[in-house]
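Visitor: A predicted structure for the sequence below; I have some questions about it.
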Amino acid sequence: MQWPNGGSIVIGKHGCHHVSFHVFPSEGKLSAKVSVSNGHWSGTCDTLFDRGELRQFAQDIEKLHADTTGQAVLAQHLTPNIDMTLTGDGKGHFSAAGSVRDDFAHSNYIAFDFGLSQSELLSIVEALRAAERL
């Protein structure tokens, strides 16, 4: 994480399976360069978040951490380039699954599905909240 002019949110582990967002403020919204890596496949795209979208995702992840069961869904309203759901099974197992696509004129996308530890969830929450404060 680097703040206050921009910073990174990493879900998963860099160099392995991950989705990361380098976020910076842009005309009342949050711009992000998204990077995804899943196995041998990787890619990037640009996207925009409305203010509040990352905050809501953080709240949902915090609840998932406390309950250990359910889902936290990243809901993008402006440019839905990212489809991401974090899931807990109530037995201490968590996963991140979804897809990232650069644009909707083409059908190219990268799907991902990887495990997370419960201890990673609160650092993700902290990074999402820091991004909303930009």
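Guide: Cool, the structure landed. Residues are numbered from 1 along each chain as shown.
Visitor: C-alpha from now on. contacts and neighbour counts both.
Guide: Fine.
Visitor: Parallel or antiparallel, list what pairs with the helix or strand containing Gly70.
Guide: Applying DSSP states H and E as the criterion places Gly70 in strand 69-74. The strands that strand 69-74 pairs with in its sheet are strand 82-89 (antiparallel) (by DSSP bridges).
Visitor: Could you tell me how far the helix or strand just after the partner strand lies from the centre of the chain?
Guide: Toward the C-terminus, strand 82-89 is succeeded by strand 94-100 as the next helix or strand (DSSP H and E). When C-alpha coordinates are averaged (Cα atoms, centre = their mean, to the nearest Å), strand 94-100 and its chain have centres 9 Å apart.
Visitor: So which elements touch strand 94-100?
Guide: strand 82-89, strand 110-116 (3 or more Cα pairs under 8 Å, 6 or more residues apart in numbering; DSSP states H and E).
Visitor: and it with strand 69-74, angle?
Guide: 30 degrees (axes from the mean of the first three to the mean of the last three Cα atoms, to 10 degrees).
Visitor: All the helices of this protein, residue numbers only.
Guide: With helices called from DSSP state H, the chain shows them at 53-67, 118-132.
Visitor: Of all those helices, which one is nearest His18?
Guide: Nearest to His18, of all the helices of the chain, is helix 118-132, at 12.0 Å by Cα to Cα.
Visitor: now what about the closest one, what contacts it?
Guide: 1, 3, 6-12, 23-24, 30, 51-52, 54-55, 57-59, 61-62, 65, 92-94 (Cα atoms under 8 Å, 6 or more residues apart in numbering).
Visitor: Please pick the buried ones from those residues.
Guide: Among those, those scoring as buried are 6-12, 23-24, 30, 51, 54-55, 57-58, 61-62, 65, 94 (criterion: 16 or more other Cα atoms under 10 Å).
Visitor: Check whether His22 really touches Leu30, as I assumed.
Guide: No: taking contacts as Cα atoms under 8 Å, His22 lies outside contact range of Leu30: 9.9 Å.
Visitor: and the residue nearest to Val19 when sequence neighbours are not counted, what are its bridge partners?
Guide: Nearest residue to Val19, sequence neighbours excluded (Cα to Cα, 6 or more residues apart in numbering): Val36, at 4.4 Å. When assigned by DSSP bridges, Val36 has beta-bridge partners Val19, Gly43.
Visitor: Please consider this matter closed, and thank you.
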